[in-house]
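Visitor: sequence and computational prediction follow.
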Amino acid sequence: MYLWLALFFFIIGGLEAMVLRAQLALPNNELISPETYNQLFTMHGTTMIFLVLMPALIGLGTYLIPLMIGANEMAFPRLNAFSLWMTFMGGTLLYFSFFAGGGPDAGWFNYAPLSENNYSSSHGVDYYLIGLILTGIGSIGAALNFVTTVLTLRAPDMKLNMLPLFVWMMFINGFLILAAFPLLNAGLFMMLIDRQFDAHFFIPSSGGSAILWQHFFWAFGHPEVYILALPAFGIISEVIPVFSRKPIFGYKFVASSTVAIALLAFGVWVHHMFAVGMSNTVNGFFAASSMLIGIPTGIKVINWIGTMYKGSIRMTVSMMFALAFLIDFTIGGLSGASFAIVPIDWQLTDTYYVVAHIHYVFLGGTAFGIFAGIFYWFPKITGRHLSEKLGKWHLWLFVFGFNMTFLLQHMLGILGMPRRIYTYPDLPYWKILNLISSIGAIFMFVAIGIFLYNIFITLKKPRSAEDNPWEAWTLEWSTPSPPNLKNFEQLPPIHSRRPLWDLNNPDNPDKRLN
Amino acid sequence: MQFPDIEITERLFLYFGIVAFIIFVLVVFFINRFTVKYRDKGEIPVQSGGNEKFEVGMIIIAVCITTFFLVMTLMGMKSIQTIPDNPKADLNIIGHQWWWEARYTESGVLTANEIHIPVGEKILLGLTSADVIHSWWIPDLGRKLDMIPGMKSYMWLYSEKEGEFLGACSEFCGAQHARMRIRVIVQSREDFEAWEQGQLKEAKFSSDALFNRGKQVFEERTCTNCHSITVNQDSADIGPNLTHFASRKHFLSDMKENNKENLRAWLKDPQQVKSGAKMPNFIFPEEELEALVHYLSNLK
Amino acid sequence: MKDKGKLLILLLVGSETFFFISLIIAYVYYRNFTNTVDTVAHTLDATRAGIFTLFLIASSVTLIVAKNALKKDNRKRFKIFLVLTVLLGVIFISGQIGEYIGLYKKQITLDSDVFGSSFFTLTGFHGLHVILGLIALTIIFLLSIGKMERVGVAAFSGMDVYWHFVDVVWIFVFYFVYIMPLL
């Protein structure tokens, strides 16, 4: 259900992006009005983050966590349904704004006072606020469910240090959501009270503070980046070992770097606000923390590459997406690290360099991770294999189009193109770079078409997947594909992180951990 | 002041670029090598689960790189952004939806969108906003700094070279954020002073009938509620000060060249030219339009 | 950890903590950065609020007594103290409503200034949590006197965590809103 919801909004968000790129293909283009453009980019960002990536990751978590820890269902199935419907309601309300006088037009970050009544008179921002409060409550509900499920419903023999890494990361992620979303909700409520009851929280002209909103938003917003990244890290940490036929390199380091990221994530938000004009002391502190958080992330990349060392690598579409993730996420991570170097940030923040960066993280990172996960678990979830041939078309077109669109945007940022502009003057190189970027988007569009077609034709085929087609080792692969309503009739013995490996290789089992 | 800000930033970016490039090449190299060398041959490899010494070594290397960049960053920040206590700005810039108001502290010059500064002199900018958050950014002349309503921020503006430099608002500020661009004109000290003198003169008078008709229209049609045609610190600043409008080469925040044709189109229907702009459509009759265009384009 | 309901409430309460921290931060932020707020804040009656605070704390104590009674299977005692808890909570809430009416008479409202905005939002959200807690406690009480005695007892698990949380939050709110301006 979550996954269908995500797919649906992914198509909408993607279409919005296509319109945006069409408008930006040429300088001084007047295809759509600035007002429309602003609504579209606001909705594109909000949709992709809150209605695509979040539900996709929560959906995978909800489906897989019980299977991977040997439980028959989530701890609170009704809470689960409640979360889903909250997210759905939030999304519907957000889009309903278009029928109620105009969508939100103040950006997904919704900075005050631009988002206050004086400057945004349509009801779009109100719908945005209510929509996000609802999806936020939905996410908190899902997180409560994840953490409780992992803590109470694990198979009796499975200790916490034996959790599959995907589950571990979703578990840590649960805590991140529980701590981060209330910050956003508090801010959203305050702004809603501002807009509906004429309060003064974020209105500078009557004593409020424009900066406080930014603090709330980014104190949520940066953890949110990791909330979207950690589950993808988890997927990659499952996919790469299985297709390298080797256990993950440095389980302890991958697991503990996750905790480090989760803790540091709450101490870096001001790097979104270096250009606000706070003192060098404040900026210096957050520069240090922002650089620090790069270290555990870098360690993960090293571990994933290390896993392949002396492995036996099978190049399935899932594995290839994981590798594309590694390369493109490295670019996104490195460009992210450059913002911690404050003088560079003073130049490049709020330019197309940032646009390129976030897309390398969210699309090249999270979305590639999700694709890898979908190709990996699709046979388990549906009992059918996605076509590898179509998958490769999807992969190559998407990776090619993606890099074509976003790699050059780094250059545009350095050349001085601010972000969120609906058009631009015909300055040297701007035209050609933007045009290439827009053409790249078409490749991605086609690739997604192939992906949808792939899903569609696969679902029409009869079920044929074996229980464990990839020769993987975690518990979900001991069930039939798709699993029965009650996940497990009987659990295999669990003594290590790879119970199915032990089962199939009784002469060479992993070290016992319990 | 050893280095202009932009040089510090460029140097940092260069160092960063080199390190980042090396890391990226290593990642791609190893992925490529491993996927080729260890391609599946149907064998089960040795099930090794990591190497702690190697990981610790990598962490130490990462910490070293980070420390280096942190020190560089802190030094860079200090030399770019050291503002005296109780700062007094040489030049105040106030962001509006969607134009830039400039107030020169010493001379009292008021202008908009085209900002003149003398070459080779450090100028302390004071930035704030009259409505929503804007952000000052001239890529070739240093850092960006947000302009926040109810708050004043300071930064140095400095250029070694004469010339015109383009910039843009870099904080999303509403419908015409894209067309909130700015031009900084760096001049020699003499040229700058001459320009300042010119800007300080009161609006010119003329016996020209059409000019005076235009002036009359300007006053009768409530233009003065938003725009001033006098150099007075307390005068209306809802719209740009027009005392020396014709001395500016562009108008509408660097959107259009300042000529009679563009001016006429703008006055005729502002929303057609720049939709969302705060200027109302006055529906001037042809005769008034003619006079206004003539009047404004003679305000040198 | 066996009791997943209690775990759920603990996590929820942990999450809510961040919500209230945000609201308190907003209140303190405006207090520190705007001069007008302090003069207005002095119009609050700390003594009066203090008395109502004691009622709320007392309700936490009675809830502990009720819980202990339940452990010893003393149903009658449990019901009495549960009712007492609800009553004390209602007194607290009516005190808050009285205070709101007083402030509105003095023209201090949600839309009067930043103090009004942050004061009413903070105390209002807390009041909302108290009311939710009261409703839940009342339902448990009604269940426990009827035929559904067992259901009521099961639902009680976790409820006490929530009520103590609401209580603790108020102590912080009381400190930051009523005491700090006097210091």
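Guide: Yep, it's here. The shown structure was predicted, so the numbers you read here are calculated from the model rather than taken from an experiment.
Visitor: only C-alpha atoms for contact and neighbour calcs from this point on.
Guide: OK.
Visitor: in a strand, A:I130, correct?
Guide: No - going by DSSP: H, G, I helix; E, B strand; the rest coil, the assignment for A:I130 is helix, not a strand.
Visitor: is whichever strand or helix holds C:I135 up against chain B anywhere?
Guide: Using DSSP states H and E, C:I135 sits in helix C:114-145. No - interface with chain B: helix C:114-145 contributes nothing (Cα under 8 Å from any Cα of the partner chain), its closest point being 14.3 Å away.
Visitor: mind listing what's buried along that helix?
Guide: Residues of helix C:114-145 classed as buried under the neighbour-count rule (16 or more other Cα atoms under 10 Å in any protein chain shown) are C:114-123, C:126-127, C:129-131, C:133-134, C:136-138, C:140-141, C:143-144.
Visitor: which ones are touching the residue lying closest to C:L12 once chain neighbours are set aside?
Guide: Nearest in space to C:L12, with sequence neighbours left out and distances taken as Cα to Cα, 6 or more residues apart in numbering or on different chains, is A:L144 at 7.0 Å. A:L144 is in contact with A:G174, A:L178, C:L8, C:L11, C:L12, counting by Cα atoms under 8 Å, 6 or more residues apart in numbering or on different chains.
Visitor: near chain A, which residues of chain C?
Guide: Residues of chain C lying near chain A by Cα under 8 Å from any Cα: C:1-4, C:7-8, C:11-12, C:14-16, C:18-20, C:22-23, C:26, C:30, C:34, C:110-114, C:116-118, C:121.
Visitor: since we're on the residue in the stretch 151-300 of chain B that chain A sits nearest to, how many residues are nearby?
Guide: Nearest to chain A in the stretch 151-300 of chain B, going by Cα to the nearest Cα, is B:A178, at a distance of 4.2 Å. B:A178 has 25 neighbours, counted by other Cα atoms under 10 Å in any protein chain shown.
Visitor: same deal with the one 5 residues further on?
Guide: B:R183: 20 surrounding residues under other Cα under 10 Å.
Visitor: average pLDDT for stretch B:168-187?
Guide: Average pLDDT, stretch B:168-187: 91.
Visitor: what strand or helix carries residue 78?
Guide: Here I'm looking at chain A. Assigning secondary structure by DSSP H and E places A:R78 in helix A:77-96.
Visitor: switch to chain C, that's the one I care about
Guide: Per DSSP H and E, C:F78 falls inside helix C:75-105.
Visitor: ditto for B:D85
Guide: Applying DSSP H and E, one finds B:D85 in no helix or strand.
Visitor: next SSE downstream of the longest helix along chain B?
Guide: Using DSSP state H, we find that the single longest helix of chain B is helix B:5-37. Note on helix B:5-37: by DSSP H and E, the next helix or strand toward the C-terminus is helix B:52-80.
Visitor: report the buried residues of that next one.
Guide: Neighbour-count burial for helix B:52-80 flags B:55, B:58-59, B:62-63, B:66, B:69-70, B:72-74, B:76-77, B:80 (criterion: 16+ other Cα under 10 Å).
Visitor: export these as a markdown table, with columns for distance to A:M444.
Guide: Compiled in a markdown table, those are given as follows (distance: Cα to Cα, whole Å):
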| residue | distance to A:M444 |
| --- | --- |
| B:E55 | 37 |
| B:M58 | 36 |
| B:I59 | 36 |
| B:A62 | 35 |
| B:V63 | 37 |
| B:T66 | 35 |
| B:F69 | 36 |
| B:L70 | 38 |
| B:M72 | 39 |
| B:T73 | 37 |
| B:L74 | 41 |
| B:G76 | 40 |
| B:M77 | 40 |
| B:I80 | 41 |
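Visitor: so which of those comes closest to chain C?
Guide: Nearest to chain C among those, counting by Cα to the nearest Cα, is B:M77 at 26.3 Å.
Visitor: distance of that closest one from B:P139?
Guide: In this view, B:M77 and B:P139 are 17 Å apart by Cα to Cα, to the nearest Å.
Visitor: picking up where we left off before, just to check, the residue of the stretch 151-300 of chain B closest to chain A is in contact with A:T351?
Guide: No - if you go by Cα atoms under 8 Å, B:A178 and A:T351 don't touch, sitting 11.9 Å apart.
Visitor: how about the residues of the stretch 401-514 of chain A by chain B?
Guide: Residues of the stretch 401-514 of chain A found near chain B (Cα under 8 Å from any Cα) are A:L415, A:G416, A:P418, A:R419, A:R420, A:I421, A:Y422, A:T423, A:Y424.
Visitor: buried subset of these as a PyMOL selection?
Guide: Listed next is the PyMOL selection for buried residues among these, using 16+ other Cα under 10 Å:
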select buried, chain A and resi 415+416+418+419+420+421+422+423+424
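Visitor: just flag the most distant two among the residues of the stretch 401-514 of chain A next to chain B.
Guide: For these, the farthest-apart pair by Cα to Cα is A:L415 and A:Y422; their separation is 17.0 Å.
Visitor: can you show me the strands along chain B?
Guide: Using DSSP state E, the strands of chain B run over B:91-96, B:99-104, B:110-112, B:114-118, B:123-129, B:134-137, B:144-147, B:153-157, B:163-168, B:181-187, B:250-251, B:256-257.
Visitor: and the ones you listed as CSV, adding distance to B:Y38?
Guide: As requested, these are exported to CSV (distance: least, Cα to Cα, whole Å):
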stretch, distance to B:Y38
strand B:91-96, 59
strand B:99-104, 60
strand B:110-112, 65
strand B:114-118, 62
strand B:123-129, 59
strand B:134-137, 50
strand B:144-147, 48
strand B:153-157, 55
strand B:163-168, 51
strand B:181-187, 54
strand B:250-251, 63
strand B:256-257, 61
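Visitor: highest mean neighbour count out of these?
Guide: Ranked by mean neighbour count, the strands of chain B are led by strand B:144-147 with a mean of 28 (mean count of other Cα atoms under 10 Å in any protein chain shown).
Visitor: which neighbouring elements make contact with that strand?
Guide: Where contact means 3 or more Cα pairs under 8 Å, 6 or more residues apart in numbering or on different chains; DSSP states H and E, strand B:144-147 is packed against helix A:342-348, strand B:123-129, strand B:134-137, strand B:153-157.
Visitor: follow-up on the earlier one: would you mind giving the contacts of A:L144 as CSV with neighbour count added?
Guide: CSV is the format used below for the contacts of A:L144 (neighbours: other Cα atoms under 10 Å in any protein chain shown):
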residue, neighbour count
A:G174, 25
A:L178, 28
C:L8, 20
C:L11, 21
C:L12, 18
